[in-house]
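Q: here is a sequence with its predicted model. Questions after.
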Amino acid sequence: MLIDTHAHLNALQYEEDVEEVIDRARLEGVEKMVVVGFDRPTIKRAIELADQYEFIYATIGWHPVDAIDMTEEDLHWIEELTAHPKVVAIGEMGLDYYWDKSPKDIQKEVFRKQIALAKKVKLPIVIHNRDATADIVEILKEENAAEVGGIMHCFTGSFEVAKQCMDMNFYISFGGPVTFKNAKQPKEVAKQIPLDRLLIETDCPYLTPHPFRGKRNEPSYVKYIAEQLAELKEVTFDEIAQKTSDNALKIFDIN
């Protein structure tokens with residue numbers, strides 16, 4: 001059993017063939033998928049997919065790149081939607097200093113508001129980080145995010161940062177980049193993450209793993225990430241599949 005903990009099956013790239021993509025994932029042993037909504041259209045679609053398929057779950061939040069667009073009404077709407085039985089986390093949220101659409105102070109404010117919401121509704125959080133590691137760790141500490149914990153999505157940082165996050169009740173999730181031939185740091189870090197803190201994801205349609213790099217990603221490819229982690233950690237594929245699935249069921253509180 002494999003669980004893709006972060007998929008964007010709600011993206012326009014799947015408009016024509018989402019059913020076939022989901023079927024391929026199931027054939028490859030992907031028993032559950034978590035679809036991530038990060039603005040109004042993608043949140044609506046994530047919940048539609050969760051309603052349509054018993055094995056699909058949704059996380060809902062506001063992406064830092066679009067933080068400038070988020071209103072109090074949006075935040076209230078997200079809070080209302082957390083009552084849905086298949087909404088399993090808040091996010092993706094965080095900071096993104098690569099794109100400059102939303103000023104840093106607004107990103108931070110929206111990030112803090114979403115952490116507060118997660119604590120209020122008692123759901124874990126899914127963290128997006130691009131070029132903002134120090135500020136993210138600082139905010140997680142200041143806002144006592146350890147109370148709900150969560151996932152460091154598509155982690156590419158150092159082991160020191162991973163350890164700080166694990167100490168705050170976070171899981172470390174690896175995606176396609178850990179399979180890239182030149183990905184020295186992610187591979188070294190993955191070796192050091194304890195099995196009981198490890199997750200796998202595709203972030204599809206982005207960050208497609210080797211050997212399909214450059215093509216559209218999809219949940220069936222999560223097995224390549226599991227294979228890479230098994231090799232790096234010198235354990236069997238089945239052990240990685242089992243542990244990462246157990247971890248996903250635990251953090252998302254899926255029975």
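A: Looks like it arrived, so ask away. Numbers count the residues shown, from 1 in each chain.
Q: CA only for contacts and neighbour counts going forward, please
A: Will do.
Q: can you show me the strands along the stretch 151-255 of the chain?
A: 170-174, 198-200 (DSSP state E, counting those that start in this stretch).
Q: hang on, Ala89 in a strand?
A: Yes. Counting by DSSP: H, G, I helix; E, B strand; the rest coil, one finds Ala89 located in a strand.
Q: what about it, neighbour count?
A: 27 (other Cα atoms under 10 Å).
Q: distance check, Ala134 against Ile43.
A: Using Cα to Cα, to the nearest Å, Ala134 is found at 28 Å from Ile43.
Q: about what we covered before: make TSV from the strands of the stretch 151-255 of the chain and add mean neighbour count and distance to Phe55 to it.
A: Below are the strands of the stretch 151-255 of the chain laid out as TSV (neighbours: other Cα atoms under 10 Å; distance: least, Cα to Cα, whole Å):
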stretch	mean neighbour count	distance to Phe55
strand 170-174	26	20
strand 198-200	27	17
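Q: could I get those as JSON lines with mean pLDDT?
A: Output for the strands of the stretch 151-255 of the chain, formatted as JSON lines (pLDDT from 0 to 100):
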{"stretch": "strand 170-174", "mean pLDDT": "98"}
{"stretch": "strand 198-200", "mean pLDDT": "98"}
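Q: and stretch 145-156, end to end?
A: OK, stretch 145-156 end separation, Cα to Cα: 20 Å.
Q: what comes up buried for it?
A: 145-146, 148-156 (16 or more other Cα atoms under 10 Å).
Q: what's near enough to touch Lys233?
A: 190-191 (Cα atoms under 8 Å, 6 or more residues apart in numbering).
Q: for the top helix by length along the chain, buried residues please.
A: The longest helix of the chain (DSSP state H) is helix 104-121. Buried residues in helix 104-121, counting neighbours by 16+ other Cα under 10 Å, are found at 104, 106-108, 110-112, 114-115, 117-119.
Q: same question for the next helix-or-strand element following that helix, mean pLDDT?
A: Following helix 104-121 in sequence order, the next helix or strand is strand 125-130 (DSSP states H and E). Across strand 125-130, pLDDT averages out at 98.
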